[in-house]
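**Student:** heads up, no residue letters with this:
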DNA sequence: AGCAAAGTAGCACAACTGTGCTAGAACGGA
DNA sequence: TCCGTTCTAGCACAGTTGTGCTACTTTGCT
C-alpha cells in the first residue's frame, strides 16, 4: 500500500494548480485527474466525492500556513523580535504563499454560500484573530505598546489590515509588490510603539 | 418600447439575488430567468451572453456604491466632517451594502481567473484607492493629520483596513457587527489626528 | 506460485450548462 | 385594420458535470 496521506496530498496539490489556473469552478473531477496525471477512477478511490476533495485541499492550505507560523513561534525566546516575520507568513509575499492565498480567497468567497467550507473558513479566521491578539500581548509585555491602546480594538485593526493587505497584494500585485506590503505592515507595527 | 435600461437593471438585480443565495456558480441563465420571473429567451434578448449579464450586474454594483459616495461628497463644504460617513459607504453595514459587498467579493475572487472581470475590479480598486487618498488630503488640509505621516503609506494602510474590515464584516458578521466595524474605523481615523 | 487486497482506468448515466433558433404574443404608428 | 418592430417563450443541441459501476492491473503477503 502506498502512503495514503502522501498520495492524497499529491492530488490536493493538483487541485491547487487547477484552482490557481482556472479558479474553483475549473476544478472538476476530470480536470484535477488530468492535472495529476491520473484517472477519474483513481481520484475517486482517494476521495469519494468532489466536496471531500475540495475540503481536503483547503484544509491542507490552512495546515501549511499554521505549520509555518508554528515554526517561527517554536524558535523560542521573546516573540517581540519575530512579530513581523510571524505576520508575514500569512501574506502572499512569495510564490508559495501566493498560491495559498489565492486558494484562501476562493475559499472565502465560496464559503459565503457553502456551509461546509464556512466551517473551515471560520477555523482559519479564528486562528488568525488569535495570532493577532497574541502578537499584541507580546508587544505589550515587552513595553513596546503605546499606552492608552485598547487591545481588543488593536487586534481587530491589525487583523483587518492583514487581510486587506493580503487581498490587495493578491489582486493587484503590480500596485502592491511584496516590498510595499512589508513596508505598510512594518509601519503599522511601528505606529503601535511608544514614541521615543 | 419599455425602458430598456430599467429592464436590464431589474434583471441584474435578479442576478444579485441568485448570487447572494447560491454564489456566482449558481447564477446560470435558467436560474436568473426563473428568479426574475421570466424566460430564457427574454433574458437573452436583453443580454446576448451570460458573460455580458454578469459583467453588467457587477458594473451596477460599482455604480451604486460610487453614486452613494458622490452624494456625500456633493453635500459640499469641507470634507473633513463627512470622512467617516464617506468611508462607511463602502462597508457592509446594512442589507443593501451587504448585498453589494457579497457580489464584490465574488467578483474579486473570480477576477483572479477572468480577465474581463479583472478590468472591472481594477477600476473599482483604483476608485477606492483614490478615495482614500482624497480623504487623507482633506484631513491634512484641515490640519487634522499628525505630522510625520507619509501620505502614500497612510493611503495604502487605510485602504487595506477598509477592505479587511469589509471582508471580516462580510464573512463573520456575528464576530464583527456593524457597530464594531464603525468603532474600528473611527479609531483608526482618530489615530491619524494630532495628539491633543 | 497463488490469491486477496489495493489501486487504476474509464464507460454509462442523468442532470445540468450556454447558446442558436423558431414561433408567437404584445405593442405602436399609419 | 394592418404591419413591422419589440419582446417573450421555450425547444434543440452539443458539451460538461459528478458519480455509480465494472473490469483491469499492480502489489504484497503466504
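**Tutor:** Great, that's in hand. Computed from a prediction, not measured in an experiment: that's the story for all the values here.
**Student:** Could you report the separation of the residue lying closest to residue A:14 once chain neighbours are set aside from DNA strand D?
**Tutor:** In space, and not counting its chain neighbours, residue A:14 is closest to residue A:36: 3.7 Å by Cβ to Cβ, 6 or more residues apart in numbering or on different chains. Where C-beta positions appear, they are placed from N, C-alpha and C, glycine not excepted. Residue A:36 sits 13 Å away from DNA strand D, going by Cβ to the nearest atom of the strand, to the nearest Å.
**Student:** Then residue A:128?
**Tutor:** In this view, residue A:128 and DNA strand D are 29 Å apart by Cβ to the nearest atom of the strand.
**Student:** For chain A, which residues are neighbours of DNA strand D?
**Tutor:** Proximity of chain A to DNA strand D (Cβ under 7 Å from any atom of the strand) is limited to residues A:1, A:26-31, A:40-41, A:44, A:48-51.
**Student:** Apply 10 Å and report the result again.
**Tutor:** By Cβ under 10 Å from any atom of the strand, the part of chain A that sits against DNA strand D consists of A:1-2, A:18, A:22, A:24-34, A:39-45, A:47-54.
**Student:** Out of the residues you listed, which sit inside helices?
**Tutor:** Mapping the residues of chain A next to DNA strand D onto helices (DSSP state H) picks out A:18, A:22, A:29-34, A:40-45, A:50-54.
**Student:** just the buried members of those?
**Tutor:** A:18, A:31-33, A:43, A:53-54 (16 or more other Cβ atoms under 10 Å in any protein chain shown).
**Student:** Would you map the helices across chain A?
**Tutor:** Using DSSP H, helices in chain A cover A:4-22, A:29-36, A:40-46, A:50-73, A:83-88, A:95-111, A:115-141, A:151-171, A:178-192.
**Student:** So which of these is nearest residue B:121?
**Tutor:** Across the helices of chain A, residue B:121 has its closest neighbour in helix A:151-171 (6.4 Å, Cβ to Cβ).
**Student:** Show me what the closest one is packed up against.
**Tutor:** For helix A:151-171, the elements it packs on are helix A:95-111, helix A:115-141, helix A:178-192, helix B:95-111, helix B:115-141, helix B:151-171, helix B:178-192, judged by 3 or more Cβ pairs under 8 Å, 6 or more residues apart in numbering or on different chains; DSSP states H and E.
**Student:** Tell me the helices and strands packed up against the second one.
**Tutor:** For helix A:115-141, the elements it packs on are helix A:50-73, helix A:83-88, helix A:95-111, helix A:151-171, helix A:178-192, helix B:151-171, judged by 3+ Cβ pairs under 8 Å, 6+ apart.
**Student:** Which one of the ones you listed has the poorest average confidence?
**Tutor:** For these, mean pLDDT drops lowest on helix A:95-111, to a mean of 91.
**Student:** now that one and helix B:151-171, what's the angle there?
**Tutor:** Inter-element angle recorded for helix A:95-111 and helix B:151-171: 40 degrees (by axes from the mean of the first three to the mean of the last three Cα atoms, to 10 degrees).
**Student:** Report the residue ranges of every domain in chain A.
**Tutor:** Annotated domains of chain A cover A:1-48, A:49-192 [automatic domain parsing].
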